[in-house]
Structures are given as structure tokens and as C-alpha cells.
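Engineer: one predicted model, sequence on top.
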Amino acid sequence: MYSRSSEPVRFERDCAAVLVPQGEAVTLPAGSVGYITQALGGSFTVFVEGNLFRIAGRDADAIGKEPPAPLELPEGADDEAVEKLVWQQLRTCFDPEIPINVVELGLVYDVRIEPHDEAGRRVRVDMTLTAPGCGMGDVLVADVRDKLELIPTVAEADVELVFDPPWNRSMMSEAARLETGLL
């Protein structure tokens, strides 16, 4: 789902949100009015009273939207099928200010699928940020972890921020560079 819009919204209930770009957790009260500036990967960036806030997909109902559908994996799926779904999920993780997913931005350095227990797997991800001091870093890490743990058979997702090598624009995909005008 992608949208750059100014669709008006009214919060139907109190809603957990994250202040952008500071990364501070807040609650927007029922009755708050604003508009959606970005709807990507199942989450929403909304502009309310002069500030941007990120609304997680699980809280989509607070603004009259549908939460993302549950993920499915065939019975007895192997690690290759799980890894394919991992990469699909990673492509649903967006910085609230940049309309490009973390994979296309070149922020994901490594993905490993490991056995976790009798029926589960652990996914380990090494990723970076476009800037080490990014206020949304913890939010992005939590988003990646939460979305990977939605995958059937994934019992745990371990997401580690690494800064070596440092991120630079050349790590972006060609499509991402085109989208941002850096090509």
C-alpha cells in the first residue's frame, strides 16, 4: 500500500503514536483531527496540530483504516520460503519521513534464518540507519522486529543496528535513487 496524500482523518479512539522525527511515544486522543501524509507498509504518517506522527498498522482502526491481513506460510515451509517472506516483510518497513523501504534504501546488511526451538525459527537481521543519530532508529528496529515476528514459525527476530560499513547513498537501489532524485 502506498499513498502520498492529504486524506483527512479523525481519531475514533485514543491511539498510540510515535512523534516524528524524535521517536517519542505519545497518545493521540480520540477526536484529534489531521491528515494522512504517507501510508506505506501498513503504517501511516499523520499530520496533527503541526506535528508528524507514525501510527502502526495494528492501530489502523483508530483512523478508520483496515489493519494488515495476517501472514500465511504453507504447512511445512522450509527456510527458503521463510526467508522469502522475511524479505517481503522487510520491504514493508519504512522510515515515516522517507517513502522508500529499508531494503531499497540499502539499510539491511544481512539476514540469517536459524533454528530456534522444535517448531520455530530465529531471524537475525543486521541493519543500519541513514544517519547514526536518527531519532527514529529505535522505531525502525522495533518495526522490523515486530513485522518479522508476525511470520508463522518465526519465534524470535533479533535486529541489530550496525554502523560498519557506514551507510551512504550508493547503497540505495537504482529505483530508490530515482525516487529521491539522486540518480
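Structural biologist: Nice, I can see it. Numbers count the residues shown, from 1 in each chain.
Engineer: and the gap between the residue nearest to Arg122 when sequence neighbours are not counted and Ala62?
Structural biologist: Excluding its sequence neighbours, the residue lying closest to Arg122 (Cβ to Cβ, 6 or more residues apart in numbering) is His116, at 4.1 Å. Glycine gets a C-beta too; all of them are placed from N, C-alpha and C. The gap separating His116 from Ala62 is 33 Å, by Cβ to Cβ, to the nearest Å.
Engineer: and these two? Which one has more around it.
Structural biologist: When neighbours are counted by other Cβ atoms under 10 Å, His116 and Ala62 differ, and Ala62 comes out ahead with 23 against 14.
Engineer: am I right that that one is in contact with Thr27?
Structural biologist: No: look at Ala62 against Thr27 with Cβ atoms under 8 Å: they stay out of range, at 10.4 Å.
Engineer: give me the common contacts of the two.
Structural biologist: Shared contacts of Ala62 and Thr27, defined by Cβ atoms under 8 Å, 6 or more residues apart in numbering, comprise Asp14, Cys15.
Engineer: now for the protein, the helix or strand with the poorest mean pLDDT.
Structural biologist: Lowest by mean pLDDT, DSSP states H and E among the helices and strands of the chain is helix 174-180, with a mean of 88.
Engineer: which other helices and strands contact it?
Structural biologist: Contacting helix 174-180 under the criterion 3 or more Cβ pairs under 8 Å, 6 or more residues apart in numbering; DSSP states H and E is no other helix or strand.
Engineer: hey, where'd the strands end up in this protein?
Structural biologist: For the chain, applying DSSP state E gives strands covering 7-10, 15-20, 24-28, 33-40, 43-48, 51-55, 108-115, 121-127, 154-161.
Engineer: looking at those, which is closest to Leu178?
Structural biologist: strand 33-40 (16.9 Å; Cβ to Cβ).
Engineer: partner strands of the closest one and their direction?
Structural biologist: Using DSSP bridges, the strands paired with strand 33-40 are strand 7-10 (antiparallel), strand 43-48 (antiparallel).
Engineer: redo those as CSV? Include mean neighbour count, distance to Ala131 and mean pLDDT.
Structural biologist: Listed next are the strands paired with strand 33-40 as CSV, based on neighbours: other Cβ atoms under 10 Å; distance: least, Cβ to Cβ, whole Å; pLDDT from 0 to 100:
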stretch, mean neighbour count, distance to Ala131, mean pLDDT
strand 7-10, 14, 29, 95
strand 43-48, 22, 18, 94
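Engineer: can you list contacts of stretch 143-163?
Structural biologist: Here stretch 143-163 makes contact (Cβ under 8 Å, 6+ apart) with 41, 43, 56, 70-73, 77, 82, 85-86, 89-90, 92-93, 102, 109, 116-117, 119-129, 132, 137, 141.
Engineer: that one: which residues count as buried?
Structural biologist: Buried residues in stretch 143-163, counted by 16 or more other Cβ atoms under 10 Å: 143-148, 150-154, 157, 159, 161.
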